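Participant: give me the fold of what follows.
(2 chains)
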Amino acid sequence: GQQVMQIPQYQHVQEGEDFTTYCNSSTTLSNIQWYKQRPGGHPVFLIQLVKSGEVKKQKRLTFQFGEAKKNSSLHITATQTTDVGTYFCAATSGTYKYIFGTGTRLKVLA
Amino acid sequence: EAGVVQSPRYKIIEKKQPVAFWCNPISGHNTLYWYRQNLGQGPELLIRYENEEAVDDSQLPKDRFSAERLKGVDSTLKIQPAELGDSAVYLCASSSIWLGSHYGYTFGSGTRLTVV
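Facilitator: Numbers count the residues shown, from 1 in each chain, chains lettered A, B, ... in the order given. Now for the predicted structure:
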């Protein structure tokens, strides 16, 4: 079945440094979504990517969908303490069933 | 807009006891999901409803878990009897599917279940 892997599992950065998390699938994806979960909170939808090679930006966050639609990345420029949390990708191969990745836990050191 | 509302927020029960969780989705969202999230892991789908129909319950442990979504609005998820391994956060989410396109889930705050 479809599997979605995220790396790294954990990332500690100094405030102001950049951060990137990667999401990889064993199968070709229809689309991919990204969520952020603050400690003790619930996942919050950030963005959806649909097209091959698509790049979307939200302020300091840049989301990319691979050309082969098997991988995606989330890059945060100049991290802030408010970026702390776990970032999940959720992917589907064409149904409305999304498989969540294992998540990347980001810690920002002030 | 109230968002997805779940209750209770926390629940502690002894093993072998029953437990139920309730979810009220965002008004107008036709699709409702129950997810289970273990500590340090991503959410895992238990069941998906489109309106009142359960269209994907392949990962629901049907020997002890049951769910219903009467009238296609709010939903309940039940565990009977609970086991120690059921301790987790149970998340409800809703979304809309419009013209064949799916838009991101809105999650509720979840119910943190502890089985002792």
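
Participant: ok, residue 45 - contacts?
Facilitator: Chain wasn't specified; assuming chain A. With contact taken as C-beta atoms under 8 Å, 6 or more residues apart in numbering or on different chains, A:Phe45 is in contact with A:Gln33, A:Trp34, A:Tyr35, B:Gly104, B:Tyr105, B:Thr106. For every residue, glycine as well, the C-beta is placed using N, CA and C.

Participant: should've been chain B
Facilitator: Going by C-beta under 8 Å, 6+ apart, B:Leu45 touches A:Lys97, A:Tyr98, A:Ile99, B:Tyr33, B:Trp34, B:Tyr35, B:Asp56, B:Gln59.

Participant: now do the fifth one against B:Gln80, distance only.
Facilitator: Think B:Trp34. 15 Å (C-beta to C-beta, to the nearest Å).

Participant: ok, these two, which is more surrounded?
Facilitator: Per other C-beta atoms under 10 Å in any protein chain shown, whichever of B:Trp34 and B:Gln80 has more neighbours is B:Trp34, with 26 against 13.

Participant: circling back to that earlier point, next step: the contacts of B:Leu45 restricted to strands.
Facilitator: The strands, defined by DSSP state E, take in A:Ile99, B:Tyr33, B:Trp34, B:Tyr35, B:Asp56 from the contacts of B:Leu45.

Participant: thought the first one was touching A:Phe88?
Facilitator: Put plainly, it is A:Ile99. No - A:Ile99 lies out of contact with A:Phe88 (C-beta atoms under 8 Å); the separation is 10.4 Å.
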